[in-house]
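Engineer: for reference, the sequence and a predicted model appear below.
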2 protein chains.
Amino acid sequence: MLAITITDQSEPIQLAEKPIPTPNKDQALIKLKASALNRRDQWIRQGMYPGIQFGTTLGSDGAGIVEAVGDDANKGLIGKEVMINPNMNWGEDPAVQSSDYHIAGMPTDGTLAEYIVVDVNQLVAKPSYLSWEEAAALPLGGLTAYRACFHHGQIKFGKNVLISGVGGGVAQFAFQFALAVGANVYVTSGSEDKREKCLQMGAKGAFDYKSETWFKEALKETGGFDTVIDSAGGDQVNTFIKIMKPAGTIVFYGATNGTPKNLDMFRMFWNQITLQGSTMGNDIEFCEMVSFVDQHQIKPIVDSLFDLKDAHEAFDKIKNGVFGKVVMKNS
Amino acid sequence: MLAITITDQSEPIQLAEKPIPTPNKDQALIKLKASALNRRDQWIRQGMYPGIQFGTTLGSDGAGIVEAVGDDANKGLIGKEVMINPNMNWGEDPAVQSSDYHIAGMPTDGTLAEYIVVDVNQLVAKPSYLSWEEAAALPLGGLTAYRACFHHGQIKFGKNVLISGVGGGVAQFAFQFALAVGANVYVTSGSEDKREKCLQMGAKGAFDYKSETWFKEALKETGGFDTVIDSAGGDQVNTFIKIMKPAGTIVFYGATNGTPKNLDMFRMFWNQITLQGSTMGNDIEFCEMVSFVDQHQIKPIVDSLFDLKDAHEAFDKIKNGVFGKVVMKNS
């Protein structure tokens, strides 16, 4: 089968020919119809990820059809249309992943291939209204957004929510999820095009974070935010602290702009602000997230679609800014 | 009556003679038996507090006997031994104080006097096992510690808890409260004497934060903390982030060392760490706190006792480091 692997060559991403894996007991072989990229894959390509093992098939997101199972007990799964939970060994504590935790696609083989073998308890039925491309776009980004929005961010109907740097995979889901529950959703983006798209999709306001006064406008317009969902970090954290309602929560699942040079703890304690780190989500949240998406008929935004063979182009695409997910389909 | 007031003189704290105030409807006149100092009073003395109004009687903590009420409906209170809830206008949201909120002792007259008038719904019965000095030591520090420990910190039986900079008013209560619920309580202090006292009182370990390796020892000894209660802030926040268990919570109700020069957001999001600002507590928490103290027969630690007339000495005392509360008694 074809698979996109990470190598020690000058271009680390290579298309390889690998044997189709065989499912053991409690496992299933999935014929993948589509897969999707995450920033994580690009970081692995750039060598900026811990524990890279050359030869691993990349990719955390995938959807397909069960083609074989490792034992008779699971024969009923054959032919089912499924999405794959990318969590490996979350562990028993719903609050936090175990030390054995990892994500599909490093160090175990991932979804950028024609086939994958996974444990049957990682399979969730694909909602029928989703295309293969949309289903493949959902897993890791949707899971991360779901935990950030609801477990940590407590986003609810009528709350004021800011999604910063909308456009990235997780941020787009956070935006759609917050809209779905009826929150007053605002976004920031440096791109006028993305701001305009969000307004069309239902954002109450869209701010250009490159403007020096955006946060003053945001505070004036909203009266403050109950929840901010962020993955940029950096000095902007102190801007968020200024525009929170008292007892508000800033959830961040990344820090692509690095760490802040200061932290306004004084305003934080007086206003009882929470700064909350978040990453991925547990297995129960994965199932809840798929149900939530199904219930609200949310369609993941697909930025662009590539053939599995055109991996280099697809990876280059996510480097250059997207609105939604970069999806690979298998012919 | 005698009262300690803040003035614009070179020594801002002055003993003044004021008329005994008169209670209106739904108010009571309390003959104060004892009062206590907080860092807040010292900050006001140093001019480091917003909205200082000269002539105000200082003091947030007090206990005494109801001597008169403003209306017949409350006549039954006369003669009762009470503690005073120092919250003024917390407001309707239990999560956060209203914008009208302030604390007794600025800008309204406080407890460093022979009498005070307060709303009757700010009175809580003094637990009988507490002396006047102990009861007066409890209100603001106990309230702040209670919210930090339980509402935000979720301290429970068997959890690993670190109280940093033990010795200050709030920290001593956080230490006693965490012990009372059966947590594994550890402390930090720069004073060997304070560390020794805490070990005698039931701390499982006591670390000298002046040592460069204390956090490594702490991590090795405990396996990590579920909750840290802090009021120092500064760069030490990043040390706490290193020694948290995953999904742990750092609660801070002050930042006496200022703000950190950096914040390890990467470790925070991967380990799902919460950094939680906290201040005071709501009126329900005040009642809960007094019940909790009563139920566990907790005796506030009184560092030293002064006559109301010796306010300068008492204030100087809290500048120089204490273990427990500085209490003033009325003769």
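Structural biologist: That came through fine. Residues are numbered from 1 along each chain as shown, chains lettered A, B, ... in the order given.
Engineer: can you list the residues of the stretch 51-200 of chain A near chain B?
Structural biologist: By the rule CB under 8 Å from any CB of the partner chain, the part of the stretch 51-200 of chain A lying against chain B is A:D93, A:A95, A:V96, A:Q97. The C-beta positions use only the backbone N, C-alpha and C, and glycine is treated the same way.
Engineer: and with 6 Å instead?
Structural biologist: With CB under 6 Å from any CB of the partner chain as the criterion, the stretch 51-200 of chain A meets chain B at residues A:A95, A:V96.
Engineer: where are the low-confidence patches of the stretch 51-200 of chain A?
Structural biologist: Scanning the stretch 51-200 of chain A for pLDDT under 70 picks out no residues.
Engineer: just the helices in it please.
Structural biologist: With DSSP state H, counting those that start in this stretch as the criterion, the stretch 51-200 of chain A has helices at A:132-137, A:139-146, A:169-180, A:192-201.
Engineer: export those helices as a markdown table, with columns for mean neighbour count and distance to B:S10.
Structural biologist: Shown next, in a markdown table, are the helices of the stretch 51-200 of chain A (neighbours: other CB atoms under 10 Å in any protein chain shown; distance: least, CB to CB, whole Å):
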| stretch | mean neighbour count | distance to B:S10 |
| --- | --- | --- |
| helix A:132-137 | 25 | 70 |
| helix A:139-146 | 28 | 59 |
| helix A:169-180 | 26 | 56 |
| helix A:192-201 | 16 | 57 |
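Engineer: tabulate the ones you listed (a markdown table), appending distance to A:N330.
Structural biologist: Putting the helices of the stretch 51-200 of chain A into a markdown table (distance: least, CB to CB, whole Å) gives the following:
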| stretch | distance to A:N330 |
| --- | --- |
| helix A:132-137 | 9 |
| helix A:139-146 | 16 |
| helix A:169-180 | 20 |
| helix A:192-201 | 28 |
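Engineer: tell me which residue of chain A is furthest from the middle?
Structural biologist: Distance to the chain centre peaks in chain A at A:D72, reaching 33.8 Å (criterion: CA atoms, centre = their mean).
Engineer: look up how far A:K25 lies from that one.
Structural biologist: 10 Å (CB to CB, to the nearest Å).
Engineer: do the same with A:Q200
Structural biologist: From A:Q200 to A:K25 the distance is 49 Å (CB to CB).
Engineer: for A:D71, same thing?
Structural biologist: For A:D71, the distance to A:K25 - CB to CB - is 5 Å.
Engineer: now swap in A:T249 and tell me
Structural biologist: 43 Å.
Engineer: ok, which stretches of the stretch 151-300 of chain A are strands?
Structural biologist: Assigned by DSSP state E, counting those that start in this stretch, the stretch 151-300 of chain A shows strands spanning A:160-163, A:184-188, A:205-207, A:225-230, A:244-252, A:274-277.
Engineer: now render the ones you listed as a markdown table, adding mean neighbour count.
Structural biologist: Output for the strands of the stretch 151-300 of chain A, formatted as a markdown table (neighbours: other CB atoms under 10 Å in any protein chain shown):
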| stretch | mean neighbour count |
| --- | --- |
| strand A:160-163 | 28 |
| strand A:184-188 | 26 |
| strand A:205-207 | 20 |
| strand A:225-230 | 26 |
| strand A:244-252 | 22 |
| strand A:274-277 | 25 |
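Engineer: domain ranges for chain A?
Structural biologist: Residue ranges for the domains of chain A, per automatic domain parsing: A:2-138+A:302-329, A:143-277.
Engineer: around chain B, which positions in the stretch 201-331 of chain A sit nearby?
Structural biologist: So the stretch 201-331 of chain A meets chain B at A:233, A:246-247, A:252-253, A:255, A:259-260, A:262-263, A:265-266, A:268-270, A:272-279 (CB under 6 Å from any CB).
Engineer: does A:I163 really touch A:A174, like I thought?
Structural biologist: Yes. A:I163 lies in contact with A:A174 (CB atoms under 6 Å); the separation is 5.1 Å.
Engineer: who's in contact with A:V290?
Structural biologist: A:V124 (CB atoms under 6 Å, 6 or more residues apart in numbering or on different chains).
Engineer: got it, and A:L15?
Structural biologist: With CB under 6 Å, 6+ apart, A:L15 has no contacts at all.
Engineer: ditto for A:G281
Structural biologist: By CB under 6 Å, 6+ apart, A:G281 lies in contact with A:L143, A:Y146, A:R147.
Engineer: run the last query once more with 7 Å
Structural biologist: A:L143, A:T144, A:Y146, A:R147 (CB atoms under 7 Å, 6 or more residues apart in numbering or on different chains).
Engineer: just give the nearest non-adjacent residue to it, would you?
Structural biologist: Among residues not flanking A:G281 along the chain, A:R147 sits closest, at 3.4 Å (CB to CB, 6 or more residues apart in numbering or on different chains).
Engineer: residue contacts, that neighbour?
Structural biologist: By CB under 7 Å, 6+ apart, the neighbours of A:R147 are A:S278, A:M280, A:G281, A:E285.
Engineer: against B:I318, how distant is it?
Structural biologist: 44 Å.
Engineer: who touches A:L2 in this structure?
Structural biologist: A:L15, A:E17, A:A113, A:E114, A:L308.
Engineer: please apply the same query to A:L130.
Structural biologist: Taking CB under 7 Å, 6+ apart, we find A:L130 in contact with A:K299.
Engineer: and it, its phi and psi?
Structural biologist: For A:L130, the backbone dihedrals (degrees, to the nearest 10) come out as phi -90, psi 140.
Engineer: now A:K204. Nearest residue, chain neighbours left out?
Structural biologist: Nearest to A:K204 is A:N184, by CB to CB, 6+ apart, at 5.0 Å.
Engineer: tell me what the one you found is bridged to.
Structural biologist: Bridge pairing for A:N184 (DSSP bridges) gives the partners A:N160.
Engineer: so it is in contact with A:N160, correct?
Structural biologist: Yes. Counting by CB atoms under 7 Å, A:N160 is a contact partner of A:N184 at 4.9 Å.
Engineer: pull out the buried positions in stretch A:27-46.
Structural biologist: By 16 or more other CB atoms under 10 Å in any protein chain shown, the buried positions in stretch A:27-46 come out as A:27-30, A:32-42, A:44-45.
Engineer: just those: which are in helices?
Structural biologist: A:R39, A:R40, A:D41, A:Q42, A:I44, A:R45 (DSSP state H).
Engineer: now do the same contact list for A:S189.
Structural biologist: A:S189 neighbours (CB under 7 Å, 6+ apart): A:G165, A:V166, A:G167, A:R195, A:A206.
Engineer: if you set the cut-off to 8 Å instead, what comes out?
Structural biologist: A:G165, A:V166, A:G167, A:R195, A:C198, A:A206, A:D208, A:Y209 (CB atoms under 8 Å, 6 or more residues apart in numbering or on different chains).
Engineer: what of A:N74?
Structural biologist: A:N74 touches A:D26, A:A28, A:V120, counting by CB under 8 Å, 6+ apart.
Engineer: is it true that the first one touches A:D71?
Structural biologist: Yes. Counting by CB atoms under 8 Å, a contact exists between A:D26 and A:D71, whose distance comes to 6.8 Å.
Engineer: can you tell me how far A:P50 is from A:A125?
Structural biologist: A:P50 is 33 Å from A:A125, by CB to CB.
Engineer: quick one, which of those two is more surrounded?
Structural biologist: Neighbours were counted for A:P50 and for A:A125 using other CB atoms under 10 Å in any protein chain shown; A:A125 has more, 12 against 7.
Engineer: so which of the contacts of A:N74 comes closest to A:D8?
Structural biologist: Checking the contacts of A:N74 against A:D8 by CB to CB gives A:A28 as the nearest, at 31.5 Å.
Engineer: correct me, but that closest one touches A:V66?
Structural biologist: Yes. A:A28 is within contact range of A:V66, at 5.0 Å (criterion: CB under 8 Å).
Engineer: overlap in contacts of these two?
Structural biologist: Residues touching both A:A28 and A:V66 (CB under 8 Å, 6+ apart) are A:L77, A:L123.
Engineer: which ones are touching A:D307?
Structural biologist: If you count contacts by CB under 8 Å, 6+ apart, A:D307 has them with A:M328, A:K329, A:S331.
Engineer: just the buried residues of those residues.
Structural biologist: A:M328, A:K329.
Engineer: please consider this matter closed, and thank you.
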